[in-house]
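Asker: sequence and predicted structure are below.
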Amino acid sequence: MASPVKPPDNPDNPDNRSDRLRTVARYSGIGMQMAATIGLSTWAGYSLDKHYQTNTPWFTLGLMLLGLFAALYNVIRAVSKGE
C-alpha cells in the first residue's frame, strides 16, 4: 500500500511563515534569557567584589561561571523538551 504523497512546502503559505516566526521568536527568547542570566550573575559578582574590596575578582568569575552553567542548563532543557 502506497503512502500518500506530501505536497512540497510552499514558503508563501501563511501557516509556514507563522511557524517559522514562532520558531525564531522562541529561540531568540532563549538567547535573551541566556544573556540576562549571565549578565545579572556577572553584575552580582562584580558588586560583591566591589563591596568586599577584593584584590582578585573571584566573586565575579565564580558567579559568572555559575550563571553560564545555569543558562546552558536552561537552553539544553528548553531545546530537548521542544518547548
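Answerer: Good, I have the coordinates. None of these values were measured; they are calculated from a predicted model.
Asker: low-scoring stretches of this structure, by residue?
Answerer: Applying pLDDT under 70 to the chain flags the ranges 1-14, 83.
Asker: so the nearest residue to residue 42 once chain neighbours are set aside, which of the three states?
Answerer: With C-beta to C-beta, 6 or more residues apart in numbering as the criterion, residue 42 has its nearest non-adjacent residue at 4.4 Å, and that residue is residue 64. Where you see a C-beta, it was placed from the backbone N, CA and C, and this is true even at glycine. With DSSP: H, G, I helix; E, B strand; the rest coil as the basis, residue 64 sits in helix.
Asker: thought residue 64 was touching residue 45?
Answerer: Yes: in this structure residue 64 lies within contact range of residue 45 using C-beta atoms under 8 Å: 5.9 Å.
Asker: elements contacting the helix or strand hosting residue 26?
Answerer: The secondary structure element spanning residue 26 is helix 14-52 (assigned by DSSP states H and E). Taking 3 or more C-beta pairs under 8 Å, 6 or more residues apart in numbering; DSSP states H and E as contact, the helices and strands that helix 14-52 lies on are helix 58-81.
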